[in-house]
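S.K.: for reference, the sequence and a predicted model appear below.
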Amino acid sequence: MATSYSWIRPVGAVFLIGAVSIASAGQLSIDLPSPTLATGSASSFHGDEIGNGFFSRGLPGEPRLPERFLRILLPPQADPSTVTVSISGSKESDEANVFDVLPGYPVAISAVPVWPAGKRIQEGRDLDIYDKDAFHPANILGEPIVRQWGAFQILDVAYRPWKWNPLRGILRRSIGGKLIAKYAERKVAVSASKSQLAEAKDVAALVSNPEIVATYTGGIAVNAAAETGTYAIVSTDAIRTGSVNLLALARSKEARGFNVELATQTGHWKLLNGIWSCLQSDCAGGWGGGNGNAAAEAIRTWLKAKYVARGIQYVLLIGNPDPTTGDVPMKMTWPRRAEGDYPECPTDYFFAELSGNWDRNANGFAGEYPADYATGGIDQFPELVVGRIPYYGSVTDLDKILAKTVAFEKATDVAWRKNVLLPMEPSDGSTPGYQLGEQIRTNFLIPGKFASTRIYESDYGVAPEITPCTIPNVRSAWSTGRYGVTTWWTHGSATTAVDIFSSSDAVYLDDAHPSFTFQNSCTNGSPESSNNLGYALLRNGAIGTVSASRVSWYNIGQTSFVGSPQSNAMMAYAYTGALVYDTLVAGRALNQVRRSMSVNASAWAMNLADFNLYGDPSVGLFTSSRSGRDIFPAILTTIF
């Protein structure tokens, strides 16, 4: 297995930063890590993977230099608004005659690069850096941000130990030393809730100082966390009474060990021994109702109020997702409002990331980058695992999806799922895309355990199984084969993935053997379109689809996809690996991608928000029946 996969595991689990200690009240110090890049090998910067958790990164047009994000758990008494960081005890060493460091990839949604506003770009280089007698970056530490994962406070800061002066050709390296984090202390009450215990295991794996987790859990061992908690279904009164198979889905979850609850606009029920029971004497206490933004706010408010006390881990949204008129809508957010073009995207991440203030600057536009992404705002540590089944008025379609989901987790034969379909279409003349398929195949698909079918535009010297990449070729391969995962890369619209698939092609697929998809193309999950490609596949041919609600952003010329995800192709790589290699269920796989992301530009903030999961968040490639008894009564109406 290639070592390039190691990025996707939480950084603290693979690349320990070094000694971590509480040096004094209100202060943490850590030993700074060193890349494995040898002195004198500056040309290695031209690759992406440097080693020891460092990856070559640069904003569009800026020099690509080694960078690693440090994630440090602050104690509960630390006041996040007072955190400062500095470096102590490091030394600098200069390497002369380094005449070039390549610039960061331009971002794009088409063949035309989109450069940051106000930049002077020539031949892909920012002249305010490349024509200046100064070291870049000016500060080897990025802006510190304290992110919340439930009650846990995680300091996130970029560390860039190299600086480059392009006119003098000098590369300056910072060696050794410690990072010092200082903060004011406050009094806090510490208690170990069910949700904190459930989160603690993942937090401990993510940060460099897992020993501090115990200060949040009252000393309770991390392994005391339950693997299953409460599975909440958030829907409408009409769907509760109209769906034949909603109760069957709930019973299936109960059989897997979940506590199951259902909330509609007016009611709140708990499943007890396969029957809905009122949580209040009159079944009141629903999420409140409304349409569009009002409904989105009401649902998030209800989740924030309930998830800790009820131990909610998974949320399945069922209803109309239209952010303007829907009854269980996505939230409209504005990651690129400051850029002017392609400003908005609807998202379900709003219901997963509950600790941040999505309108931190209180201007009425949620999710703006960078204003709403600083300390106290949106972060990449979602508290809940969220998926949705869009509902566009057909209860027959809904019950078919529910029946398929129950059958999928009831199945005992899962061997066919160990097969991956990889259609890749060039995005432009510099970005053929096939490298994404090759890296997925090489790094994740263990020979003898997983098979793959690659569909590329050309041979590219790698002998794909099928060429060229066309809709007839993809449709033929998919409809005659059985694939647990389908990951593609191309341009797209609401109903089409160019030269790969369209909504009208979904009817040809085998819905008894459905795929998980990552649809790396623009607007395939547009919630306003009732026939969007993400939903069309969920209706027939897929068990869970991840697709973009608006345009998604890629790097022109990118050929390596390891490292903290930013581009849509890096997210596709990471999600596929999380499903296949880490064996995570779909919702947790998407959350792992989000936690791993490096969001330092508006394009990446948009990618974070606009890729959403259609389907049950608690099922994965290896989900199957965990009980020998018949847990699926006659109420289940199968409509394959």
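M.R.: The structure has been received and is ready for your questions.

S.K.: ok, Asn361 to Pro144 distance?
M.R.: Counting by CB to CB, to the nearest Å, the separation of Asn361 from Pro144 is 19 Å. No exception for glycine: its C-beta is placed from N, CA and C like everyone else's.

S.K.: I misspoke; the intended subject was Ala536.
M.R.: When distance is defined by CB to CB, Ala536 is 44 Å away from Pro144.

S.K.: ditto for Phe444
M.R.: Phe444 sits 33 Å away from Pro144, taking CB to CB as the criterion.

S.K.: low-confidence stretches in this protein?
M.R.: For the chain, the stretches with pLDDT under 70 are 1-25, 36-48, 190-198, 219-228, 626-640.

S.K.: could you list the domains of it?
M.R.: Residue ranges for the structural domains of the chain, counted by automatic domain parsing, are given in the record as 3-217, 223-373, 392-615.

S.K.: so Gln380: helix, strand or coil?
M.R.: Each residue gets one of three states, and Gln380 gets coil by DSSP: H, G, I helix; E, B strand; the rest coil.

S.K.: so how far is Leu65 from it?
M.R.: In this view, Gln380 and Leu65 are 22 Å apart by CB to CB.

S.K.: next SSE after the longest helix belonging to the chain?
M.R.: For the chain, the helix that runs over the most residues, judged by DSSP state H, is helix 292-310. Scanning the chain past helix 292-310 towards its C-terminal end, the next helix or strand to appear is strand 312-319 (assignment: DSSP states H and E).

S.K.: show me where the stretch 351-500 of the chain has helices.
M.R.: Under the criterion DSSP state H, counting those that start in this stretch, the stretch 351-500 of the chain carries helices at the ranges 395-410, 434-444, 471-480.

S.K.: tell me the buried residues in the longest one?
M.R.: Neighbour counts over helix 395-410 (16 or more other CB atoms under 10 Å) mark 397-410 as buried.

S.K.: and Asn361 and Pro144? which has more neighbours close in?
M.R.: Counted by other CB atoms under 10 Å, Asn361 and Pro144 do not tie: Pro144 has more neighbours, with 19 against 12.

S.K.: need the contact list for that one.
M.R.: If you count contacts by CB atoms under 8 Å, 6 or more residues apart in numbering, Pro144 has them with Val83, Thr84, Val85, Leu155, Asp156, Val157, Ala181, Thr375.

S.K.: apply 7 Å and report the result again.
M.R.: With contact taken as CB atoms under 7 Å, 6 or more residues apart in numbering, Pro144 is in contact with Val83, Val85, Leu155, Val157.

S.K.: what separates the closest residue to the last one other than its chain neighbours from Leu74, distance-wise?
M.R.: Leaving aside its sequence neighbours, Val157 sits nearest to Pro144 (CB to CB, 6 or more residues apart in numbering; 4.5 Å). The span separating Pro144 from Leu74 equals 11 Å under the rule CB to CB.

S.K.: buried stuff in stretch 522-534?
M.R.: Cys522, Thr523, Asn524, Gly525, Ser526, Pro527, Glu528, Ser529, Ser530, Asn532, Leu533, Gly534.

S.K.: can you show me the strands along the stretch 151-300 of the chain?
M.R.: In the stretch 151-300 of the chain, the segments counted as strands under DSSP state E, counting those that start in this stretch are 152-159, 162-165, 170-175, 178-182, 230-234, 259-263, 268-272, 275-278.

S.K.: let me have those strands in JSON lines, extended by distance to Leu436 and mean neighbour count.
M.R.: Written out in JSON lines, the entries for the strands of the stretch 151-300 of the chain read as follows (distance: least, CB to CB, whole Å; neighbours: other CB atoms under 10 Å):
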{"stretch": "strand 152-159", "distance to Leu436": "25", "mean neighbour count": "22"}
{"stretch": "strand 162-165", "distance to Leu436": "28", "mean neighbour count": "22"}
{"stretch": "strand 170-175", "distance to Leu436": "31", "mean neighbour count": "18"}
{"stretch": "strand 178-182", "distance to Leu436": "34", "mean neighbour count": "20"}
{"stretch": "strand 230-234", "distance to Leu436": "33", "mean neighbour count": "24"}
{"stretch": "strand 259-263", "distance to Leu436": "38", "mean neighbour count": "23"}
{"stretch": "strand 268-272", "distance to Leu436": "41", "mean neighbour count": "18"}
{"stretch": "strand 275-278", "distance to Leu436": "45", "mean neighbour count": "13"}
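
S.K.: ok, Thr236 - contacts?
M.R.: If a contact means CB under 7 Å, 6+ apart, then Thr236 has Thr264, Gln265, Gly319, Asp327, Val328 as its contacts.

S.K.: sorry, back to before: what does the longest helix of the chain contact?
M.R.: Outside of helix 292-310, the residues within contact range by CB under 7 Å, 6+ apart are 193, 195, 230, 234, 261, 263, 287-290, 312, 315, 323-332, 350-351, 354, 383-384.

S.K.: before we move on, what about stretch 335-353?
M.R.: Taking CB under 7 Å, 6+ apart as the rule, stretch 335-353 contacts 117, 296, 299-300, 303, 315, 317, 323, 330-334, 358, 365, 367-369, 378-379, 382-386, 388, 527, 549-551, 591, 602, 605-606, 608-610, 612.

S.K.: what touches both of Pro144 and Leu74?
M.R.: Contact criterion CB under 7 Å, 6+ apart; residues shared by Pro144 and Leu74: Leu155.

S.K.: ok, Glu414 - how many residues close by?
M.R.: You called it Glu, but residue 414 is Val. By other CB under 10 Å, neighbour count at Val414 equals 14.

S.K.: quick check, nearest of the contacts of Pro144 to Tyr460?
M.R.: Val157 (39.1 Å; CB to CB).

S.K.: on that earlier part again, compare the helices of the stretch 351-500 of the chain and give me the one nearest Tyr456.
M.R.: Nearest of those to Tyr456, taken as CB to CB: helix 434-444 at 4.5 Å.

S.K.: buried residues, the closest one. List them.
M.R.: The neighbour-count criterion (16+ other CB under 10 Å) identifies Tyr434, Gln435, Leu436, Gly437, Glu438, Gln439, Ile440, Arg441, Asn443, Phe444 as the buried residues of helix 434-444.

S.K.: JSON lines for those residues, including distance to Ile455?
M.R.: Putting the buried residues of helix 434-444 into JSON lines (distance: CB to CB, whole Å) gives the following:
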{"residue": "Tyr434", "distance to Ile455": "10"}
{"residue": "Gln435", "distance to Ile455": "14"}
{"residue": "Leu436", "distance to Ile455": "12"}
{"residue": "Gly437", "distance to Ile455": "8"}
{"residue": "Glu438", "distance to Ile455": "13"}
{"residue": "Gln439", "distance to Ile455": "16"}
{"residue": "Ile440", "distance to Ile455": "13"}
{"residue": "Arg441", "distance to Ile455": "12"}
{"residue": "Asn443", "distance to Ile455": "19"}
{"residue": "Phe444", "distance to Ile455": "18"}
